[in-house]
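**Student:** Pasting the sequence and the predicted coordinates here, then a few questions.
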Amino acid sequence: MGDEFKVQIIDARNPNSVHKELIFMADSKLIKQLRADFTFAPAVLITKAP
């Protein structure tokens, strides 16, 4: 896992250049929330037969 996450905003009218770049650290509120939103408990991934 990385400690730094970059989000680049690119304008569709000028796709070859970055309009704005945002840098988030791994312990930032946004990154923690994204990880929580896309993390599934093991029980969710296991299918149980009836």
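**Tutor:** All right, it came through fine.
**Student:** Would you map the strands across the protein?
**Tutor:** 4-9, 20-25 (DSSP state E).
**Student:** Include mean neighbour count and mean pLDDT when you put those into TSV, please.
**Tutor:** From N, CA and C alone the C-beta is placed, and that goes for glycine too. As requested, these are exported to TSV (neighbours: other CB atoms under 10 Å; pLDDT from 0 to 100):
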stretch	mean neighbour count	mean pLDDT
strand 4-9	11	94
strand 20-25	11	96
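**Student:** Ok, which of the ones you listed comes nearest Phe40?
**Tutor:** strand 4-9 (20.4 Å; CB to CB).
**Student:** Which strands or helices does that closest one pack on?
**Tutor:** strand 20-25 (3 or more CB pairs under 8 Å, 6 or more residues apart in numbering; DSSP states H and E).
**Student:** which residues does Leu22 contact?
**Tutor:** Contact analysis of Leu22 by CB atoms under 8 Å, 6 or more residues apart in numbering lists 6-9.
**Student:** returning to what we had before: got the strands of the chain as a markdown table, with distance to Ile31 columns?
**Tutor:** Below are those laid out as a markdown table (distance: least, CB to CB, whole Å):
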| stretch | distance to Ile31 |
| --- | --- |
| strand 4-9 | 6 |
| strand 20-25 | 5 |
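**Student:** right, so of those strands, which gets closest to Thr39?
**Tutor:** Comparing those by CB to CB, strand 4-9 comes nearest, at 15.5 Å.
**Student:** Okay then, goodbye and thanks.
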